[in-house]
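In: predicted model follows, preceded by the sequence.
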Number of protein chains: 2
Amino acid sequence: MAAMDWKKRRTLPGAAVKRVAIVGGTHGNETNGVQLAKHFMRNLGQVQRPSFATEVLLANTFAIEANTRYVDEDLNRCYLLADLTDDAKAETNRERKRAREIDQVLGPKSSDEPRCDLVIDLHNTTASTDIALLMAPDDEFSHQIAYYLKSLDSGVRIIHWNPLADWALCPSVGRSGMTFEVGACPWGCLVPDLFMRSQKLVLAALDYVESHNKRIASGGSIGPEVSMPVFKAIGVSIDYPRNEEGELLGMVHQDLQGGDFKELSDGVPLFQRFDGEVVAFSREEHKVPEQHKKVFALFVNEAAYYEKKMALMLVSQEEAKFSMSVEM
Amino acid sequence: MAAMDWKKRRTLPGAAVKRVAIVGGTHGNETNGVQLAKHFMRNLGQVQRPSFATEVLLANTFAIEANTRYVDEDLNRCYLLADLTDDAKAETNRERKRAREIDQVLGPKSSDEPRCDLVIDLHNTTASTDIALLMAPDDEFSHQIAYYLKSLDSGVRIIHWNPLADWALCPSVGRSGMTFEVGACPWGCLVPDLFMRSQKLVLAALDYVESHNKRIASGGSIGPEVSMPVFKAIGVSIDYPRNEEGELLGMVHQDLQGGDFKELSDGVPLFQRFDGEVVAFSREEHKVPEQHKKVFALFVNEAAYYEKKMALMLVSQEEAKFSMSVEM
């Protein structure tokens, strides 16, 4: 099978967007996103723009029904091209089957001409990420949208997916796309401030796409070059204190709780054990590569990551430079 | 079958406590309570006191395993005497069976001499209840403990169970008991500040029981009469805005989010619809009985109550007067 040719596939500065997809419920218990998608489905006029079509989709319908993250397997790990095109694998379980159905709507990923030019996948986290937009490092169009959204809401931050040959994530099925990772939201629960801001920002993303199309239609020149901070994983995640049976012996320290995007330096409190003892952060002990002078915490105390044995991950920050399609 | 004779059953000022039970995981995804119980199980010395025995129990082991509230039925609705003694009903599902097993350990409820004199059941909520202690209105011994805990932590509040002939709740199986309802905690997630305060307060409750026993052993007189505010349901709960199919059309208003125990007066914002419209509180529309001059919000935006069609309930406040067993 041919490898993914991302350069060929991306939504580019000169290409008009024909179709955008908004996806809710990739994880069934991330209720803010599920409800925002349902709201858009009942009010399709709100997400339509003159120059392109917008579709709204509920992804893991089984898990939404059960108010759980997934029923058999994390759906947001099912979108590798190699898996989607493997007939045997696609029949393994409910999420694998559903991923294939969704691939036909958003992509398919195996096509050079996927149906959707932009996929916005609505997620929530119990971590205090505020509005984090996760996207492929090479996806300039998504970076443009993120830059615009950041200008509207200072709580917006950008995170790069790890540099890989392919991604198993839902938005990777279309040309360009991003995960809206919004928190802190408890499972099964709407958080009003985050819901309203998410709604506003998704609509603003559609406005940006409309301006992009208009600029192309009018033959206008592209906008200015800009620079934007982006966070990226450094390959280090840290598990909670546990005993030999894997049982938790402690939790995130009170000072770190809610501390997504905070810089971690040697000696800051990381965990507090149930017996009261404090575990401090140590660059050496936690194996932070030397080249990362500053590291930051991300996905601190995300409920779904207890089973992944991850209390937080470490990210570094750098600047991404790119041209805006339009000046907003 | 004979009705429950609560007066005969209660732990009384003159009766020494022989056994206390601490229960975690009545709801399997209320992780703070589950983990606190597991911590105590690994450190039994911490919960032992010279004059009585303490046992620690995980209740809904199936649901803890699945990280879900319950598997077949809410276990904390399975402890009515009539249900526990109904052989056919007890075989209906996993929670009904487990309730019977737990009843043998904590009670049994059908006995005049239950094994446990005090049951502390550890729960969490996504509502911002802080440390709410729920107990039977007639359970003076639990009120004494609550009064002491309130003196140690100003975030402690007391809520009465509805006045009923019997209760389906776990702590009702022993003589006296209470639900530790601690929030805001997301499902599946530890919240450090609330965990540490819960741990401290459970241990303090055991200290109070120890002092109670010492006072009885030494023939000392009971402590002073005290007065303490308690909240009680007024029979009014309010559902989220929904359409005819039952789908959510809105959420708790940002001003009310986190607003447990706040007074609600006519006109305060209650919900915000996804379309932006604000729904205000109205005593008349929401059918608040005239005699309750002041009402307060409780269990605001609790995730488990979406399916119960309850966005919040209303409570009134009054003073409870009782004598302390000892002066702490």
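Out: Done, it's in. Numbers count the residues shown, from 1 in each chain, chains lettered A, B, ... in the order given.

In: what segments of the stretch 1-150 of chain A are strands?
Out: A:19-24, A:53-58, A:118-125, A:130-135 (DSSP state E, counting those that start in this stretch).

In: deepest of the ones you listed, which one?
Out: Mean neighbours per residue, mean count of other CB atoms under 10 Å in any protein chain shown, is largest over these for strand A:118-125, with a mean of 28. All C-beta atoms are positioned from the backbone trio N, CA, C, and that covers glycine.

In: list the strands paired with that strand, with their directions.
Out: Sheet pairing of strand A:118-125 (DSSP bridges) gives strand A:19-24 (parallel), strand A:176-183 (parallel).

In: now it: average pLDDT?
Out: Mean pLDDT, strand A:118-125: 98.

In: who in the stretch 201-328 of chain A is up against chain B?
Out: By CB under 8 Å from any CB of the partner chain, the residues of the stretch 201-328 of chain A that approach chain B are A:243, A:247-249, A:251-254, A:257, A:272, A:274-276, A:301, A:303-304, A:306.

In: now do the helices in the stretch 1-150 of chain A.
Out: A:6-9, A:31-42, A:44-47, A:61-66, A:81-84, A:87-90, A:94-106, A:140-152 (DSSP state H, counting those that start in this stretch).

In: let's have those helices in a markdown table, adding mean neighbour count.
Out: Formatted as a markdown table, those follow (neighbours: other CB atoms under 10 Å in any protein chain shown):
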| stretch | mean neighbour count |
| --- | --- |
| helix A:6-9 | 13 |
| helix A:31-42 | 23 |
| helix A:44-47 | 14 |
| helix A:61-66 | 18 |
| helix A:81-84 | 19 |
| helix A:87-90 | 12 |
| helix A:94-106 | 20 |
| helix A:140-152 | 23 |
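
In: need those helices in TSV (columns: mean pLDDT and distance to chain B).
Out: Formatted as TSV, these follow (pLDDT from 0 to 100; distance: least, CB to the nearest CB, whole Å):
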stretch	mean pLDDT	distance to chain B
helix A:6-9	88	34
helix A:31-42	98	4
helix A:44-47	98	9
helix A:61-66	97	9
helix A:81-84	96	26
helix A:87-90	88	25
helix A:94-106	97	17
helix A:140-152	98	17
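
In: and the residue lying closest to residue A:69 once chain neighbours are set aside, how many neighbours?
Out: Excluding the flanking residues, the one nearest residue A:69 by CB to CB, 6 or more residues apart in numbering or on different chains is residue A:27, at 4.7 Å. Residues contacting residue A:27 under the criterion other CB atoms under 10 Å in any protein chain shown number 26.

In: buried ones among the residues of the stretch 201-328 of chain A next to chain B?
Out: A:248-249, A:251-254, A:257, A:272, A:274, A:301, A:303-304, A:306 (16 or more other CB atoms under 10 Å in any protein chain shown).

In: let's see which of the residues of the stretch 201-328 of chain A next to chain B end up in strands.
Out: A:251, A:252, A:272 (DSSP state E).

In: return the member of these nearest to chain B.
Out: Nearest to chain B out of those is residue A:251 (CB to the nearest CB; 4.0 Å).

In: where in chain A is pLDDT low?
Out: Chain A contains residues with pLDDT under 70 at A:1-2.

In: nearest to residue B:87, of the ones in strands among the residues of the stretch 201-328 of chain A next to chain B?
Out: Ranked by distance to residue B:87 (CB to CB), these are led by residue A:251 at 42.2 Å.

In: so that closest one makes contact with residue A:300?
Out: No - contact criterion CB atoms under 8 Å: residue A:251 and residue A:300 do not qualify, at 10.8 Å.

In: how about the longest strand anywhere in chain A: buried residues?
Out: Ranked by residue count, the top strand of chain A under DSSP E comes out as strand A:225-238. Buried residues in strand A:225-238, defined by neighbour count with 16+ other CB under 10 Å: A:226, A:228, A:230, A:231, A:232, A:233, A:234, A:236, A:237, A:238.

In: the inter-axis angle of it versus helix A:140-152?
Out: Between strand A:225-238 and helix A:140-152, the angle comes out at 90 degrees (axes from the mean of the first three to the mean of the last three CA atoms, to 10 degrees).

In: what strands line up against strand A:225-238, and which way round?
Out: strand A:156-160 (parallel), strand A:312-323 (antiparallel).

In: contacting residues for residue A:220?
Out: Neighbouring residues of residue A:220 by CB atoms under 8 Å, 6 or more residues apart in numbering or on different chains: A:214, A:326.

In: could I get the phi/psi values of it?
Out: Backbone torsions for residue A:220, taken as degrees, to the nearest 10, come to phi -70, psi 160.

In: ok, now how distant is it from residue A:213?
Out: Distance, residue A:220 to residue A:213, using CB to CB, to the nearest Å: 11 Å.

In: excluding sequence neighbours, find me the nearest residue to residue A:300.
Out: Nearest to residue A:300 is residue A:312, by CB to CB, 6+ apart, at 4.6 Å.

In: tally of neighbours for the one you found?
Out: Counted with other CB under 10 Å, residue A:312 comes out at 27.

In: that one contacts residue A:301, correct?
Out: Yes - taking contacts as CB under 8 Å, residue A:312 lies within contact range of residue A:301: 7.4 Å.

In: quick check: neighbours shared by the two?
Out: Shared contacts of residue A:312 and residue A:301, defined by CB under 8 Å, 6+ apart, comprise residue A:252.

In: my guess is residue A:131 meets residue A:198, correct?
Out: Yes - counting by CB under 8 Å, residue A:131 touches residue A:198, with 6.9 Å between them.

In: domain ranges for chain A?
Out: Here the domain parsing of chain A from the TED database is A:6-219, A:234-318.

In: would TSV of those domains with distance to residue B:139 be doable?
Out: Conversion of those to TSV gives the following (distance: least, CB to CB, whole Å):
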stretch	distance to residue B:139
domain A:6-219	30
domain A:234-318	29
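
In: quick one: closest of these to residue B:80.
Out: domain A:6-219 (26.4 Å).

In: give the other helices and strands that the helix ranked longest in chain A contacts.
Out: Secondary structure of chain A per DSSP state H: the longest helix is helix A:192-217. With contacts defined as 3 or more CB pairs under 8 Å, 6 or more residues apart in numbering or on different chains; DSSP states H and E, helix A:192-217 has these neighbours: strand A:19-24, helix A:31-42, helix A:44-47, strand A:118-125, strand A:130-135, helix A:140-152, strand A:176-183, strand B:250-252.

In: can you do 6 Å?
Out: Applying 3 or more CB pairs under 6 Å, 6 or more residues apart in numbering or on different chains; DSSP states H and E, one finds that helix A:192-217 contacts helix A:31-42, helix A:140-152.

In: and those: which comes nearest residue A:69?
Out: helix A:31-42 (11.5 Å).

In: report the angle between the closest one and strand A:19-24.
Out: 130 degrees.

In: export helix A:31-42 to CSV, keeping only CA atoms.
Out: Written as CSV, here are the backbone C-alpha positions of helix A:31-42 (Å, rounded to 0.1, in the frame of the first residue of the first chain):
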residue,chain,number,x,y,z
THR,A,31,-20.5,15.7,26.5
ASN,A,32,-19.7,19.3,25.6
GLY,A,33,-18.6,18.2,22.1
VAL,A,34,-21.5,15.7,21.7
GLN,A,35,-24.1,18.4,22.6
LEU,A,36,-22.4,21.1,20.5
ALA,A,37,-22.6,18.8,17.5
LYS,A,38,-26.2,17.9,18.2
HIS,A,39,-27.0,21.6,18.5
PHE,A,40,-25.4,22.3,15.1
MET,A,41,-27.3,19.3,13.6
ARG,A,42,-30.6,20.9,14.8
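
In: work out the gap between it and the centre of the chain.
Out: Here the centre of helix A:31-42 is set off from its chain's centre by 17 Å, with CA atoms, centre = their mean, to the nearest Å.
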